[in-house]
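S.K.: Sequence first, then the predicted structure:
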Amino acid sequence: MNVQSVSIEVGGRPLTIETGKLAKQANGSVVIRQDDSMVLVTACASKDDVPFDFLPLTVVYQDRTAASGSIPGGFLKREGRPNERETLISRLIDRPIRPQFPKYFRREMQVIATVMSYDPASDTDVLSMCATAAAFAVSDIPMTDPIAGVRIIRLNGEWLINPSLEQQAGSDINLVVAGSRAGISMVEGAASEAPEEAMMEAMELAFVEIQKIIDGIEELQAKVAPTKFEVAAPADINEDVKTSLLELGAQAKLDDAMGIAGKHERNSGLKNTRNALIEALVDGVEDEDTVAAMTKDAKKIWDKMVSETMRRNVVESGIRIDGRQTDEIRHIWLEVGVAPRVHGSTIFTRGETQAFVTATLGTEHDAQHVDFADEKEDRRWMLQYNFPPYSTGEVRRMGGPKRREIGHGKLAHRALEPVFPSAEEYKYVVRCSSDVLESNGSSSMATVCGATLSMLDAGVPLKAPVAGIAMGLIKLDDNYVVLSDILGDEDHLGDMDFKVTGTPNGITAFQMDTKLGSIPREVMNKAMTQAKEGRMHILGKMAEVIDGPRQELSPFAPRITSIKIKPDKIRDVIGKGGIVIKEIQSTCDVRVSIEDSGQVDVISTNADNAKRAIEWIEGIVREPELNELYMAKVIALKDFGVIVELFPGNEMLLHISEWDNKRTASLDGLVSIGDEILIKVVNGRKGLTASRKAAFGESL
């Protein structure tokens, strides 16, 4: 065995990468370790090219419960389909590694990251990212530049690299940063209303650590000295076809079609213009093979012309596809309270991007139980993102949420988490659901805005409103132009997708991906400044419609009424086998929740029902006071007296001897069930008891 390894100090602790021992039939495989966390990452490639016009790379990250010393739940007792954490980490690995391959590389590739040992002191997400780059580096698969990633947090004013889960929980900035030698290539994370300057500082500090890891990866690669296979050069452009298209006026016709404002109208115009040019190009050519070859070349040339024209227009004139200036935000309109039976709802529209977002209030029973390697809790705040095919005018099979939907939903959830009220401040569990009705750029940011508005409409006391904006970048030669509120085509044809969310006070979530491999610092600075201006504009538009949480809940929302009782009275409210609490819930049509501290929550959509239940519980725990008078209700007749109810849930015996000053042989005909009588609480032989004669004294 030719085992090779390197060790680097990252975050003040050793990080080791080893190859040549495990999974040797893969093109490349490494085991990475920091503290007691270990991940095996393999990289494989097909033997031949595949006929795709994109990089066919698949990344699969998989936790193993054995890695943290537990057995899976459920009947099968084995891991199932990827959960949310595994899906998000798979995306986290994919995004920075994808731009690092030769442009025309078309072999199918697969990365599989398997957690061998999990230590809460070192999360396995960034370890898997670094190991992926190392696995490609020691393989025969060509990669232009190695990348690496670290997690950086700010805890009590200090910056920490690759922190423990406990440290992450107390941080106010938490970012995963990936980069190459040239610069930052991906950022993902959250903050508690952090200023732009702090985010830049975090990225700069992370970049220093990234260089250490890249040094280690390159050292390991030098030890292995793999021979990389050749990448076939792209076919040359048929200059004759290009010349003929230009002679047919292709550039002028392309400029006209690009000037159409609407997304579908513009795409139809571009397609019709291209087809008309190709038809004119092959007019008179009889050989079918020649026609097919010319058509294929013409389509490639046209696609390149579209990209170059868009870039040139933006860089040289500052005019975008839809005619906006580079920092201009599309027209915004929105409504709240659009769905009458929903607790909170909104339609948020920005240009041709539209989201319908609802907020539903629930109780602790509705919380989502999460049991991931890095998260074990009951979530009180949930957000799901849905992207139906009609949002882009397409026909597509419907199914469960895809990786993109899970990723976009998590970004929006992360954006609002810092402003969601604590359990002490707000007892409700809240679920937001976003359905994207139209999409032409930044539907995840529309979801952030819509979730804020729907929760305010539902009366959720957010600490501050949150808005989001997607930024883009166009690079032409050495010129960079930053775009605010990008369109779908600008995302597709551009060089960067940078999403930032925040309140008026600072940033709450951050996500950046680039096709360039890295972004210069000054360009990132400009993007963040421009994003802040756009965010403040959007927040202003939102405040025009609703500027704070509604004071009145929807009539269809559950009401939570709370009281505090003595902990030793809990068993009285519950009753033997739960008989009392079940009767309260059934009779009053409410749900009752009791905590060990004595906190009692009564949940109902009907205020009168909640009041009845509260009075009932108060009656059970209320203690009659000695020598006090009460109007008591007769609820049962006995040979030796009657049972009276002083207040809901509290019963007491009125013995026949306490009925009158003179001896009473029987109460038949003197009292009936349902009668209300005045009684006084007195001391009896077995404790407090009710007395009618003591209440009336000499007047009887």
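M.R.: Good, I have the coordinates.

S.K.: What's the separation between the residue positioned nearest the centre of the chain and Met294?
M.R.: With distances taken as C-alpha atoms, centre = their mean, Lys410 lies nearest the centre of the chain, 1.8 Å away. Distance, Lys410 to Met294, by C-beta to C-beta, to the nearest Å: 47 Å. Just so you know, the C-beta spots here come from the backbone N, C-alpha and C atoms, and that holds for glycine as well.

S.K.: what's the following helix or strand after the longest helix anywhere in the chain?
M.R.: Assignment by DSSP state H gives helix 196-224 as the longest helix of the chain. For helix 196-224, the following helix or strand on the C-terminal side (DSSP states H and E) is helix 239-247.

S.K.: in that next one, what's buried?
M.R.: Within helix 239-247, the residues that qualify as buried by neighbour count (16 or more other C-beta atoms under 10 Å) are Val241, Lys242, Ser244, Leu245.

S.K.: do the same with stretch 361-380
M.R.: By 16+ other C-beta under 10 Å, the buried positions in stretch 361-380 come out as Leu361, Gly362, Thr363, Glu364, Asp366, Ala367, Ala373, Asp374, Arg379, Arg380.

S.K.: Among those residues, name the ones in strands.
M.R.: Counted as lying in strands by DSSP state E, out of these, are Leu361, Gly362, Arg379.

S.K.: Name the nearest of those relative to Thr144.
M.R.: Comparing these against Thr144 with C-beta to C-beta places Arg379 closest, at 40.2 Å.

S.K.: Which stretches in the stretch 451-600 of the chain count as strands?
M.R.: For the stretch 451-600 of the chain, the strands defined by DSSP state E, counting those that start in this stretch cover 467-476, 479-484, 496-503, 506-514, 559-564, 591-594, 599-604.

S.K.: Please apply the same query to the stretch 51-200 of the chain.
M.R.: 57-62, 107-117, 148-155, 158-161, 173-179, 184-194.

S.K.: For those, give me a markdown table that also has distance to Asp513, mean pLDDT and mean neighbour count.
M.R.: As requested, the strands of the stretch 51-200 of the chain are exported to a markdown table (distance: least, C-beta to C-beta, whole Å; pLDDT from 0 to 100; neighbours: other C-beta atoms under 10 Å):
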| stretch | distance to Asp513 | mean pLDDT | mean neighbour count |
| --- | --- | --- | --- |
| strand 57-62 | 14 | 96 | 19 |
| strand 107-117 | 17 | 96 | 20 |
| strand 148-155 | 13 | 97 | 25 |
| strand 158-161 | 22 | 97 | 16 |
| strand 173-179 | 10 | 96 | 24 |
| strand 184-194 | 5 | 93 | 23 |
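
S.K.: For Met471, list the residues it contacts.
M.R.: 482-486, 496-500, 527, 530-531, 534 (C-beta atoms under 8 Å, 6 or more residues apart in numbering).

S.K.: And for the closest residue to Met536 other than its chain neighbours, the neighbour number?
M.R.: Once flanking residues are discounted, Met536 sits nearest to Pro504: 6.8 Å by C-beta to C-beta, 6 or more residues apart in numbering. Using other C-beta atoms under 10 Å, Pro504 is surrounded by 15 other residues.

S.K.: right, and Pro504 touches Ala464 too?
M.R.: Yes. If you go by C-beta atoms under 8 Å, Pro504 and Ala464 touch, sitting 6.6 Å apart.

S.K.: Overlap of the contact sets of those two?
M.R.: Here Pro504 and Ala464 share no contacting residue, scored by C-beta under 8 Å, 6+ apart.

S.K.: which two of the buried residues of stretch 361-380 lie the greatest distance from each other?
M.R.: Across the buried residues of stretch 361-380 (C-beta to C-beta), the longest gap, 30.4 Å, separates Leu361 and Ala373.

S.K.: so where is the chain shaky, pLDDT-wise?
M.R.: 517-518, 649, 698-700 (pLDDT under 70).

S.K.: remind me, longest strand of it?
M.R.: Max-length strand for the chain by DSSP E is strand 37-49.

S.K.: Could you give me the buried positions within it?
M.R.: Ser37, Met38, Val39, Leu40, Val41, Thr42, Ala43, Cys44, Ala45.

S.K.: Beta-bridge partners for the fifth one, please?
M.R.: To tie it back to what came earlier, the one meant is Val41. Counting by DSSP bridges, Val41 forms beta bridges with Val30, Ala113.

S.K.: what do you get for the first one?
M.R.: Following DSSP bridges, Ser37 is listed with bridge partners Gln34.

S.K.: Compute the distance between it and Gln599, please.
M.R.: 39 Å.

S.K.: what do you get for Asp327?
M.R.: Taking C-beta to C-beta, one finds Asp327 at 51 Å from Gln599.

S.K.: ok, now Lys564?
M.R.: Counting by C-beta to C-beta, the gap from Lys564 to Gln599 is 6 Å.

S.K.: Can I get stretch 639-649 as CSV, trimmed to CA atoms?
M.R.: Output in CSV follows, covering the C-alpha atoms of stretch 639-649 (Å, rounded to 0.1, in the frame of the first residue of the first chain):
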residue,chain,number,x,y,z
ASP,A,639,-78.2,9.9,52.5
PHE,A,640,-75.7,11.7,54.8
GLY,A,641,-75.9,15.1,53.0
VAL,A,642,-75.1,16.7,49.6
ILE,A,643,-72.1,17.3,47.5
VAL,A,644,-71.7,20.9,46.5
GLU,A,645,-69.4,22.6,44.0
LEU,A,646,-67.9,25.9,45.3
PHE,A,647,-66.4,26.8,42.0
PRO,A,648,-65.7,24.8,38.8
GLY,A,649,-63.6,21.7,39.7
